[in-house]
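> A structural model of the following input is requested.
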Amino acid sequence: MKAATLAEIKKELKHKSEEELLSYCLSLSRFKKENKELLTYLLFEAANEEGYIQSVKDEIDLQFSEINNKNYYWMKKTIRKVLRLTRKYIRYSKKKTTEVELLIYFCHKMLSLSPSIKGNTVLINLYDRLIISIRKTINKMEEDLQYDYNLQLEEMLEEKS
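Below you'll find the predicted structure:
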């Protein structure tokens, strides 16, 4: 079966009743965990973005507390897993401020790890790519927000040194 384009789906959904749309949403939530998570965000979290950001930060804290820091191999695997999770939560929000705040927080957590990420080239490169990504996102924001987030970013970069 070939999937319809997004435009075709949008046209077709305009002709459906409210009950049909509700049943479609519930069907989507049954098939994939990410669909259910996205619906949860849209229904319960989107109105309170600050609360959402804090809940994601709490999840990041939990994941970082469970990192196996016996050797760099396991650290890299776990850090990548936490980053995938963080990026998934960023995709749900689609807000640049949420993306920047969560990625800066993630980088703070990386810097606070023991043993230090400075001892591993792969982790340093991951950190550097995140900084580049944060800078690109900041540059797409309004000037006053750019200033605030650039200050936060510079503070974090001074910590690394």
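> residues touching residue 63, list them.
Residues near residue 63 by Cβ atoms under 8 Å, 6 or more residues apart in numbering: 78, 81-82, 85. Heads up, the C-betas are built off the backbone N, CA and C, glycines and all.
> show the average pLDDT along the helix or strand harbouring it.
Element membership for residue 63, per DSSP states H and E: helix 49-65. Averaged over helix 49-65, pLDDT sits at 94.
> can you point out the buried residues in the longest helix belonging to the chain?
For the chain, the longest helix by residue count, based on DSSP state H, is helix 72-93. Going by neighbour count (16 or more other Cβ atoms under 10 Å), the buried part of helix 72-93 is 72, 75, 78-79, 82-83, 86, 89-90, 92-93.
> what of stretch 135-151?
Neighbour counts using 16+ other Cβ under 10 Å place 137-138, 141, 149-150 of stretch 135-151 among the buried residues.
> got JSON lines for those, with pLDDT and distance to residue 22 too?
Output for those, formatted as JSON lines (pLDDT from 0 to 100; distance: Cβ to Cβ, whole Å):
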{"residue": "137", "pLDDT": "94", "distance to residue 22": "35"}
{"residue": "138", "pLDDT": "94", "distance to residue 22": "39"}
{"residue": "141", "pLDDT": "91", "distance to residue 22": "36"}
{"residue": "149", "pLDDT": "92", "distance to residue 22": "39"}
{"residue": "150", "pLDDT": "92", "distance to residue 22": "44"}
